[in-house]
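In: Build me a model:
(chains A and B)
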Number of protein chains: 2
Amino acid sequence: MLNRESPEAARPETASTSNNRQRFLSACRCQAVDRPPVWLMRQAGRVLPEYRALKEKHSFLELVRTPELAAEVTLQPIRRFDFDAAIIFSDILVVPEALGQPYEFQEGGGIIMEPLRTAAEIDQLDGSAVGERLAYVPKALRLVKEALGGRTALIGFAGAPWTLANFMIEGGGAREYAKAKGLFHQDRALFDHLLEKLTVTVAEYLQMQIDAGVDAVQLFDSLGGILPDHHFVEGSGRWMAQIVKLLKGQVPVIVFSRGTHGNWNELVETGAQIVGVDWTVRLSEVRARLPEDVGVQGNLDPFLLLTTPELVAAETRRLLKDMRGSRGHILNLGHGVPPGAKLENVASLVNSVKSFA
Amino acid sequence: MLNRESPEAARPETASTSNNRQRFLSACRCQAVDRPPVWLMRQAGRVLPEYRALKEKHSFLELVRTPELAAEVTLQPIRRFDFDAAIIFSDILVVPEALGQPYEFQEGGGIIMEPLRTAAEIDQLDGSAVGERLAYVPKALRLVKEALGGRTALIGFAGAPWTLANFMIEGGGAREYAKAKGLFHQDRALFDHLLEKLTVTVAEYLQMQIDAGVDAVQLFDSLGGILPDHHFVEGSGRWMAQIVKLLKGQVPVIVFSRGTHGNWNELVETGAQIVGVDWTVRLSEVRARLPEDVGVQGNLDPFLLLTTPELVAAETRRLLKDMRGSRGHILNLGHGVPPGAKLENVASLVNSVKSFA
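Out: Residues are numbered from 1 along each chain as shown, chains lettered A, B, ... in the order given. Purely as a prediction, here's the structure:
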């Protein structure tokens, strides 16, 4: 594939990597770095004792919706592990909620959410108050930004429209996600109507986060891989591409569309600077298939965090060696930090990256 | 990649395709056929009213364990749809059961199974009575074979050792399969001990099926894709390769290892004649990556069976066109027939294949 920009423009050799934030931003631009930047999807949360302590006093949604608490939870993993990037502590379902479809968490796991059932219900989703309803997010981001003081990158995020549509139509998580596919095939106009609403709202929400100072944004398309390869663009890719376009290159965009192994070209065509990769493929092979100015993020098996520091160190070094010489690599897991992850394994992962020569 | 055999040996141009069985066997050998053979994973079962009628009188396990009933259920989809191949009605968990780890089905879905917890429990798994305990399977196969009268191919199957190990250690299905991976990383000797037992038992069980007259066997490795690409061979691939070797080329072997998109070479190295492919990748691209004498099976989105006959026909024709000119294609879904599948959609799929010119 061809580069989007000339190699000269994309790769000044003098990239500074003097702090975590600059290292992360250089990697987003596929510029030379001293070592790959590292952060972990779901790095804030129950793996940290300081989070579990807060969680005894506050519900998950209180933590998300209270700017001071969300900022605190966002900063906890940075204090402990000095990651190169912080990601705002939030949830992809805040967008459906802001559109008028509330959700709750059950104790013991699982989401309770009244599913979207009719065209009228889709029509009633109202994006006009999103700025107001999600105002707690930029507030939290400004607190985090100030606390980070430019030393650590700050990532904003949202769910991808396809993934959000699945949760909204199923009414939460499902064993088999069938209903959004059903709408896609049986009433394309209504599907498009819903996805357009989500696209505009997600773009507005990410713009709010950019205005609050995030250095990059990530689109989480956890359910991208349930689409056959030849339906990916119409079901998910084109909506993400619209969002990237609406954001006009203000900050790098990371697109993580899990399980879409037949759609590397289509992921590049979203216009994202970085493509997230799950743990089932060799990252250097994916890297080689992408244009030189598009980076990759990933892809350690999240399960490693349940094993031992020695194994985590060995596997992290294996990945770093496999990617040696490749620019544009942000080291991460291939999915979020899993339940049961051990603190010493997160430490081992981070130390292995930082000590890699 | 190079062919395993010379093209002359692999491809007589005079392959007869005068009946369904011969068409299926020719496709398994990557020989020329008039059209791709078609069968569906989980083609026998609740999509058929005649199955649901039987199910009102008998439990799932009664149907599996009673040769006359298992034969009847195996034949039902052949009578209705004239598939090119029948697959014995059974379950992958009959192997753990024969080794001494019983299971039950809960009404409303889900398996109940006492998990393997200790080295002693793994040690106690006893393969010596497998032939006796699973004798109902060859009995059922002989009844089916006789009823098919050589007009339809007959497929035997077993779960792959890796997939079986996951179910056995979790004690059934799990939201995240972690425990077999844990054993793999934390006690490789014990992991290998379990997988060796499973490998020998699966090979013996498939040999029983070959002796009863099946035309091909399929290894179902539904959980192959939870392994990182660089652990696939040690976790799953090498055990399947041992089974293929133990079966000594008596019948074609189909290996379906779902979600292993980073391991096409390793799947070929199992020695299988046919590699199953899920619905998330373009089948012609996978076909192009494999040696010419290894075929592919797949890969329609199972979800299509919940939509409309028109859509199923269009998508089936799209796949057939994409694969036109490619030898060694067995048309199937990319996974089993899903709950909620409609009979008229199965009919549309089969008719679309049979009428494709």
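In: wait, A:Ala212 sits on A:Pro138?
Out: Yes. If you go by Cβ atoms under 8 Å, A:Ala212 and A:Pro138 touch, sitting 3.6 Å apart. To be clear about C-beta, it is placed using only N, CA and C from the backbone, and glycine gets the same treatment.
In: list the contacts for the residue nearest the centre of chain A?
Out: Nearest residue to the geometric centre of chain A (Cα atoms, centre = their mean): A:Gln218, 4.0 Å. By Cβ atoms under 8 Å, 6 or more residues apart in numbering or on different chains, the contact list for A:Gln218 reads A:87, A:155-157, A:253-256, A:276.
In: Distance from the helix or strand hosting it to the middle of the chain?
Out: Secondary structure assignment for A:Gln218, by DSSP states H and E: strand A:216-221. The chain centroid and the centroid of strand A:216-221 are separated by 4 Å under Cα atoms, centre = their mean, to the nearest Å.
In: As PDB, could you dump the C-alpha coordinates of that strand?
Out: Coordinates of each C-alpha in strand A:216-221 appear next as PDB, following Å, rounded to 0.1, in the frame of the first residue of the first chain:
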ATOM      1  CA  ALA A 216      -5.700  11.100  21.000                       C
ATOM      2  CA  VAL A 217      -9.000   9.300  20.900                       C
ATOM      3  CA  GLN A 218      -9.800   5.700  20.500                       C
ATOM      4  CA  LEU A 219     -12.900   4.100  18.900                       C
ATOM      5  CA  PHE A 220     -13.700   0.800  20.600                       C
ATOM      6  CA  ASP A 221     -15.400  -1.500  18.100                       C
END
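In: quick one: strands adjacent to it?
Out: Looking at strand A:216-221 with DSSP bridges, its partner strands are strand A:153-159 (parallel), strand A:253-257 (parallel).
In: I'd like to know which of those is closest to B:Gln76.
Out: strand A:253-257 (39.4 Å; Cβ to Cβ).
In: Could you pull out the strands in chain A for me?
Out: A:85-87, A:103-105, A:111-113, A:153-159, A:216-221, A:253-257, A:274-276, A:295-300, A:329-333 (DSSP state E).
In: ok, and the most crowded of the contacts of A:Gln218?
Out: Among the contacts of A:Gln218, A:Val255 has the most neighbours (other Cβ atoms under 10 Å in any protein chain shown), with 29 neighbours.
In: Looking at the residue lying closest to that one once chain neighbours are set aside now. What's its pLDDT?
Out: What sits nearest to A:Val255 in space, not counting adjacent residues and going by Cβ to Cβ, 6 or more residues apart in numbering or on different chains, is A:Ala272, at 3.8 Å. We have a pLDDT of 98 for A:Ala272.
In: Run a quick neighbour tally on A:Ala272.
Out: 24.
In: From A:Val95, how far off is it?
Out: Computed as Cβ to Cβ, to the nearest Å, the A:Ala272 to A:Val95 distance reads 19 Å.
In: so who does the residue nearest to A:Val255 touch?
Out: A:219, A:240, A:244, A:253-255, A:294 are the contacts of A:Ala272 under Cβ under 8 Å, 6+ apart.
In: Beyond the strand holding A:Gln218, next helix or strand please.
Out: The helix or strand immediately downstream of strand A:216-221 is helix A:232, counting by DSSP H and E.
In: That next one close to chain B?
Out: No. Residues of helix A:232 contacting chain B under Cβ under 8 Å from any Cβ of the partner chain: none, with a closest distance of 8.6 Å.
In: any idea of the mean pLDDT for that helix?
Out: pLDDT averaged over helix A:232 gives 98.
In: Just the C-alpha atoms of the longest helix seen in chain A, please, in PDB.
Out: Longest helix of chain A, by residue count under DSSP state H: helix A:188-211. In PDB, the C-alpha atoms belonging to helix A:188-211 read as follows (Å, rounded to 0.1, in the frame of the first residue of the first chain):
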ATOM      1  CA  ARG A 188     -31.200  -0.900   6.000                       C
ATOM      2  CA  ALA A 189     -32.800   2.600   6.000                       C
ATOM      3  CA  LEU A 190     -33.700   2.300   9.700                       C
ATOM      4  CA  PHE A 191     -30.300   0.800  10.400                       C
ATOM      5  CA  ASP A 192     -28.600   3.700   8.700                       C
ATOM      6  CA  HIS A 193     -30.800   6.200  10.500                       C
ATOM      7  CA  LEU A 194     -29.700   4.800  13.900                       C
ATOM      8  CA  LEU A 195     -26.000   4.600  12.800                       C
ATOM      9  CA  GLU A 196     -26.100   8.200  11.500                       C
ATOM     10  CA  LYS A 197     -27.400   9.400  14.900                       C
ATOM     11  CA  LEU A 198     -24.700   7.500  16.700                       C
ATOM     12  CA  THR A 199     -22.000   8.700  14.300                       C
ATOM     13  CA  VAL A 200     -22.900  12.300  14.800                       C
ATOM     14  CA  THR A 201     -23.200  11.900  18.500                       C
ATOM     15  CA  VAL A 202     -20.000  10.000  18.900                       C
ATOM     16  CA  ALA A 203     -18.200  12.600  16.800                       C
ATOM     17  CA  GLU A 204     -19.700  15.400  18.900                       C
ATOM     18  CA  TYR A 205     -18.700  13.600  22.100                       C
ATOM     19  CA  LEU A 206     -15.100  13.000  20.900                       C
ATOM     20  CA  GLN A 207     -14.900  16.700  19.900                       C
ATOM     21  CA  MET A 208     -15.900  17.600  23.500                       C
ATOM     22  CA  GLN A 209     -13.000  15.500  24.700                       C
ATOM     23  CA  ILE A 210     -10.600  17.000  22.200                       C
ATOM     24  CA  ASP A 211     -11.700  20.500  23.300                       C
END
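In: ok, and for it, which residues are buried?
Out: A:191-195, A:197-210 (16 or more other Cβ atoms under 10 Å in any protein chain shown).
In: Which ones among these also lie next to chain B?
Out: Okay, of these, nothing touches chain B (Cβ under 8 Å from any Cβ).
In: Close to chain B: what parts of the stretch 51-200 of chain A are there?
Out: Residues of the stretch 51-200 of chain A lying close to chain B (Cβ under 8 Å from any Cβ) are A:176, A:178, A:181-182, A:185-186.
In: filter these to the buried ones?
Out: For those, a burial check counting by 16+ other Cβ under 10 Å picks out A:178, A:181-182, A:185.
In: from the residues you listed, which is closest to B:Gln43?
Out: When those are compared for distance to B:Gln43 (Cβ to Cβ), A:Ala178 wins out at 19.5 Å.
In: For that closest one, grab phi and psi.
Out: A:Ala178 adopts backbone torsions of phi -120, psi -30, taken as degrees, to the nearest 10.
In: quick one: it and B:Ala341 touch, right?
Out: No. A:Ala178 is beyond contact range of B:Ala341, at 10.8 Å (criterion: Cβ under 8 Å).
In: joint contacts of the two?
Out: Common neighbours of A:Ala178 and B:Ala341 (Cβ under 8 Å, 6+ apart) are B:Leu306.
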